[in-house]
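**Student:** Based on what follows, work out the 3D shape:
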Amino acid sequence: MNQENNGDRMSHDTLLVVDDEQDIRTLLRILLEKEGWKVVEVANGREAVDYVENGGDVSLIILDIMMPVMNGIETAAALRPLTNAPILFLSARSSDNDKMAAYRNGGDDYIVKPFHATDLRLKIKAMLSRYRLYREYAEQTEKETASGVICALANGITVFVGGKVTLKTGEQVALTDREYEMLCFFCKNRQKTLSPAEIYEAVWEEPYLSTSSNTVIVHIANLRKKLEPASGGQSFIRTVWGKGYRVD
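**Tutor:** I've put the predicted structure just below:
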């Protein structure tokens, strides 16, 4: 009976654990393999980038910040052009600046050490669920024609099912899962002013806290930086002071 239950829980997801401390990697491996996930360990960011560059299958990346050779922020920035897999920062650094740097360079979520095992498992399950849907949409997009368009914004930005975003020039823009989900949320709520709380709870699917506004601000800044060339430098996400943000 136990063997059957373990078999039912086996997952095809591979989690890449990037941490220079062997004790942390061992602890994470034990926790994650109990959930049926396959775990690959590397000791620094350079090894993580090499693994992904060489075709290593990754469904989620758990990334420390303070590491030799290449720190976690540098690693996330290097990984983002190579994979859309969600990046979960797991670090002893807890300042808002560290978190904002993590999000700005491609991180999807952040947990501070020491961490609670249950919180980590729940966070990973939620992120993998969203990534699984993302991959399904991406596969579907290859078969879609113009009906795959989610919305075409007036400034030449076209958003497709499955994470594809193009500018008026025809250039495709790579977005993280969170950035893409946020853009889709704006598309579905065009001409509506959305508060930071509405955005956070819809995209992150977690209760909004006072510190969550920084996360929203960073992701909106990233979207503007990547997509504003399509609108001649004008911001396509408008700030409505005292209320929130909107896309027309």
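**Student:** Against Lys123, how distant is His219?
**Tutor:** 17 Å (Cβ to Cβ, to the nearest Å). All C-beta atoms are positioned from the backbone trio N, CA, C, and that covers glycine.
**Student:** Comparing the two, which shows the higher neighbour count?
**Tutor:** His219 (24 against 21; other Cβ atoms under 10 Å).
**Student:** My read is that that one contacts Arg178, right?
**Tutor:** Yes - counting by Cβ atoms under 8 Å, His219 touches Arg178, with 5.8 Å between them.
**Student:** what do those two both touch?
**Tutor:** Common neighbours of His219 and Arg178 are listed as Val203 (criterion: Cβ atoms under 8 Å, 6 or more residues apart in numbering).
**Student:** What count of nearby residues applies to the residue nearest to Leu227 when sequence neighbours are not counted?
**Tutor:** Among residues not flanking Leu227 along the chain, Ile157 sits closest, at 5.6 Å (Cβ to Cβ, 6 or more residues apart in numbering). Residues lying near Ile157 (other Cβ under 10 Å) number 24.
**Student:** change the start of the numbering to 31 and stick with it
**Tutor:** Will do, 31 is the new start, and the previous item becomes Ile187.
**Student:** which phi and psi does Ile187 have?
**Tutor:** Torsion angles at Ile187 (phi, psi; degrees, to the nearest 10) stand at phi -90, psi 130.
**Student:** What of Ala73?
**Tutor:** The phi/psi pair for Ala73 (degrees, to the nearest 10) is phi -100, psi -10.
**Student:** Asp50 is in contact with that one, correct?
**Tutor:** Yes - at 5.3 Å, Ala73 and Asp50 qualify as touching, with contact defined as Cβ under 8 Å.
**Student:** what residues do these two have in common as contacts?
**Tutor:** Applying Cβ under 8 Å, 6+ apart, one finds that Ala73 and Asp50 are jointly contacted by Met97.
**Student:** Isn't Glu83 up against Leu112?
**Tutor:** Yes - counting by Cβ under 8 Å, Glu83 does reach Leu112; the two are 6.1 Å apart.
**Student:** From Ile154, how far out is the residue minimising distance to the centre of the chain?
**Tutor:** For the chain, the residue nearest the mean C-alpha position is Asp138 (3.3 Å; Cα atoms, centre = their mean). Applying Cβ to Cβ, the value for Asp138 to Ile154 is 11 Å.
**Student:** Quickly list what's touching both of these two.
**Tutor:** Shared contacts of Asp138 and Ile154 (Cβ under 8 Å, 6+ apart): Leu118.
**Student:** For the chain, which segments are assigned as strands?
**Tutor:** 44-48, 68-72, 90-93, 117-121, 139-142, 179-182, 188-190, 195-196, 202-203, 268-270, 274-276 (DSSP state E).
**Student:** Tell me which of these sits nearest to Tyr230.
**Tutor:** Across the strands of the chain, Tyr230 has its closest neighbour in strand 274-276 (10.7 Å, Cβ to Cβ).
**Student:** Which residues does that closest one contact?
**Tutor:** 216, 220-226, 228-229, 250, 267-270.
**Student:** need the helices for the chain, in chain order.
**Tutor:** Using DSSP state H, the helices of the chain run over residues 32-39, 52-64, 75-83, 102-109, 126-134, 147-171, 207-218, 226-233, 242-257.
**Student:** May I see the buried residues of the longest one?
**Tutor:** Right, the one you point to is helix 147-171. Leu150, Lys153, Ile154, Met157, Leu158, Arg160, Tyr161, Tyr164, Tyr167 (16 or more other Cβ atoms under 10 Å).
**Student:** Please name the nearest non-neighbouring residue to the first one.
**Tutor:** Using Cβ to Cβ, 6+ apart and skipping the chain neighbours, the partner closest in space to Leu150 is Ile141 (6.3 Å).
**Student:** Now do the one you found against Thr148, distance only.
**Tutor:** 12 Å.
**Student:** Tell me where the model's unsure across the protein.
**Tutor:** The model of the chain has pLDDT under 70 over residues 31-41, 167-180, 184-185, 259-264.
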